[in-house]
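Asker: sequence and computational prediction follow.
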Amino acid sequence: MSLAIEHERLIIKSHVLLATIYIAKGNTTKSLDHLKEVEDQIYSEKYDDYPTLRRFHSNYAAINSHLDRHWDTIKHYKKAYQIACHIQDLYSQRICLLNLGFAYTQIGDWDRAIDYLRQSNSLPHEAHHLTLAALAYLADIFEIQEQWEAAYPYRKQVADQYSDNEPVYGSVFYNDLALTQAHLKMFESSWKSIEKARSLLIGSESAEVAKAKIDIVEGYWHLLQGNLNLAESCYHHAIVRLRIKDNPRIVRKAKILKGRVLFKRGEYEACIEWFDTIRDDNMPELARRRIYKLKAEAYAHLGEWKEAYDTNLKLQEIISVDHTNLHMLYRLQEESYRHEVAKQSNSILRSKNAELEMLHGEKDEMLRIVAHDLKNPISALHLTLHVLQKSHHHFTEQQVNDRLATCLSTVDRINAIVTQLTAIGELESHLLNAVSEPLPILPEIKQIIRDQEELARSKQQKIELQAGTDLLIGYIHEQCFAQAISNLISNAIKYSPFGSTIQVIVAPTADGYIRIDIIDEGQGLTKNDKALLFKKYAKLSAKPTGNESSTGLGLYIVKRLVEAMGGTISAASPGKDLGSTFSVLLPMFSGHSNSA
């Protein structure tokens with residue numbers, strides 16, 4: 001290696017290390033400046049200083065995480081993880097997996113988050129602080145879903161294992177434990193945990209953020225017991241502390257909880273005005289959910305149905321179909337409809353009313369699907385659990401386990417239905433922000449196949465990948481691509497017989513596209529099926545071979561995702577019971593030559 005090249009590499013390494021230092025100091029602007037200085041050299045095909053390359057992507061991921069750009073965070077941590085695996089750096093692998101788990105938590109993908117966190121703790125590298133962090137994140141996931149009993153063992157384990165030499169971290173751990181205990185009505189234990197958290201910060205002048213977090217949990221403690229004035233005082237203390245320290249996430253949390261106090265008091269107008277003061281373009285989806293949900297309920301209490309309905313629409317844009325709120329949304333919609341009809345007096349109001357009627361029909365259709373697709377599995381689940389509760393002593397252990405396995409399978413079916421219904425609601429806002437970029441196709445497809453292999457094995461099926469080269473680079477959006485291809489492979493598994501083979505064939509075309517064929521040995525397509533393909537709520541003649549659920553939305557979603565990336569999708573079948581081939585064409589990156 002020449003001296004000039006060695007000198008250039010040292011400069012790149014220095015910029016990346018400085019970026020790491022500035023991130024640790026919380027200065028993401030300067031960190032980003034240093035990364036941009038060497039971005040072109042880093043992305044050069046000849047650059048192979050893998051430790052620096054791994055640190056570069058980790059730094060970019062950390063910056064995006066600070067800015068709540070979660071999909072960019074995931075993209076860079078995945079690249080950093082791939083490099084860490086390549087150089088067999090177990091410690092970095094654990095960090096990347098841990099951060100991927102946290103990132104997926106932020107977007108509400110609980111299953112992937114849990115998988116990454118458990119995978120991080122399964123690696124054979126002793127790093128006590130990473131183990132505790134993964135356990136804490138696992139507790140966070142269950143608490144976000146208000147599964148406090150599931151979260152409690154993780155919180156207790158973290159608090160019990162913290163090091164006495166790290167009082168600030170110990171304070172945070174005991175503070176989190178106090179919140180969990182309060183929600184479980186363990187108020188005496190919760191207060192002891194709060195006092196323990198405070199005692200660990202005695203004499204610490206530089207732990208204002210940790211102290212503010214304790215104020216927030218103490219406020220929760222009072223809120224759950226109905227002491228609203230004391231709760232508000234605690235949140236006020238937290239906000240004042242954090243004005244000195246620039247920590248928008250914790251400030252936002254304290255403000256949301258103060259709004260909740262106003263709601264609990266019945267001060268609905270003040271609650272709405274308070275939430276209107278919270279301005280943050282990078283606010284995570286979970287925080288937006290809480291704000292819109294409380295605002296909608298406050299408007300409803302005030303009888304302002306139009307405002308309640310509009311706020312609920314904003315909420316639905318974030319969480320799509322939240323089945324626990326469907327009844328309320330339906331009622332609000334009817335109230336809003338009647339309100340508009342009563343005061344319409346010109347053509348503009350009539351036009352608005354027509355829009356509401358159309359939306360009313362959409363929600364009616366969604367309610368019909370929910371009622372139809374969920375009624376049977378829920379009834380079966382209820383019956384089985386009722387029998388076990390009343391007569392479990394009449395069954396052998398194996399019979400009980402068999403019935404519990406049936407219950408689990410039914411829950412999986414319900415979850416699959418809800419996931420598909422949720423996906424259709426999220427689709428429009430997701431596609432609006434989808435920007436394609438040059439990315440290698442094969443690593444993405446291989447990961448998708450790995451994710452689906454367990455499902456295929458459960459039906460004794462094989463997934464075979466055929467690709468001429470690993471160098472194919474498509475112009476795609478990573479999340480859209482993964483969701484579309486995953487859905488097609490999942491469909492092939494769902495509708496193919498036990499013991500069959502599913503082929504995935506990837507190849508370039510002569511006219512600058514990448515063709516991906518998913519070929520199954522399933523039930524094929526009839527002439528009527530082909531006319532219904534890719535339409536919303538379409539139910540085809542094929543039936544799942546393993547009693548899986550189907551909403552008729554999957555292929556519609558796939559078509560929208562593929563078209564958003566500038567591609568096309570088609571399907572072919574020789575006929576009934578002769579299998580099917582779904583073909584996706586996506587643009588090949590023009591700056592890439594297949595022969596390179």
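Answerer: Perfect, thanks for sending it. Numbers count the residues shown, from 1 in each chain.
Asker: any idea of the mean pLDDT for stretch 539-551?
Answerer: Averaged across stretch 539-551, the pLDDT comes to 75.
Asker: roughly how far is that stretch from the heart of the chain?
Answerer: 26 Å (Cα atoms, centre = their mean, to the nearest Å).
Asker: could you pull up the residues touching the residue nearest to residue 161 when sequence neighbours are not counted?
Answerer: Leaving aside its sequence neighbours, residue 161 sits nearest to residue 132 (Cβ to Cβ, 6 or more residues apart in numbering; 6.2 Å). Any C-beta I mention is one placed from the backbone N, CA and C, and that applies to glycine too. Neighbour list for residue 132: 158, 161, 162, 173 [criterion: Cβ atoms under 8 Å, 6 or more residues apart in numbering].
Asker: now do residue 224
Answerer: When contacts are counted by Cβ under 8 Å, 6+ apart, residue 224 is found next to 182, 183, 185, 187.
Asker: can we see that at 10 Å?
Answerer: 179, 182, 183, 185, 187, 190, 231 (Cβ atoms under 10 Å, 6 or more residues apart in numbering).
Asker: right, and the pair among those residues with maximum separation?
Answerer: Within the contacts of residue 224, 185 and 231 form the most distant pair, 16.3 Å apart (Cβ to Cβ).
Asker: the more surrounded of the two?
Answerer: residue 231 (25 against 12; other Cβ atoms under 10 Å).
Asker: show me what the helix or strand containing that one is packed up against.
Answerer: If you go by DSSP states H and E, residue 231 is part of helix 228-244. With contacts defined as 3 or more Cβ pairs under 10 Å, 6 or more residues apart in numbering; DSSP states H and E, helix 228-244 has these neighbours: helix 208-224, helix 248-265.
Asker: how about the contacts of residue 224 in a markdown table, adding pLDDT and secondary structure?
Answerer: Compiled in a markdown table, the contacts of residue 224 are given as follows (pLDDT from 0 to 100; DSSP: H, G, I helix; E, B strand; the rest coil):
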| residue | pLDDT | secondary structure |
| --- | --- | --- |
| 179 | 84 | helix |
| 182 | 85 | helix |
| 183 | 84 | helix |
| 185 | 86 | coil |
| 187 | 87 | helix |
| 190 | 88 | helix |
| 231 | 80 | helix |
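Asker: any of the residues you listed buried? List them.
Answerer: The neighbour count (16 or more other Cβ atoms under 10 Å) marks 179, 182, 183, 190, 231 as buried among the contacts of residue 224.
Asker: enumerate every residue touching the closest residue to the first one other than its chain neighbours.
Answerer: Spatial nearest neighbour of residue 179, excluding adjacent residues (Cβ to Cβ, 6+ apart): residue 217 at 4.8 Å. Counting by Cβ under 10 Å, 6+ apart, residue 217 touches 174-182, 190, 193-194, 197, 234, 238, 257.
Asker: measure residue 217 to residue 156 for me?
Answerer: Going from residue 217 to residue 156 by Cβ to Cβ, to the nearest Å gives 16 Å.
Asker: how about residue 571?
Answerer: With Cβ to Cβ as the criterion, residue 571 and residue 156 are 52 Å apart.
Asker: what is the neighbour count of residue 575?
Answerer: Residue 575: 10 surrounding residues under other Cβ under 10 Å.
Asker: tell me which element it falls in.
Answerer: Using DSSP H and E, no helix or strand contains residue 575.
Asker: pop out the phi and psi values for it.
Answerer: For residue 575, the backbone dihedrals (degrees, to the nearest 10) come out as phi 150, psi -170.
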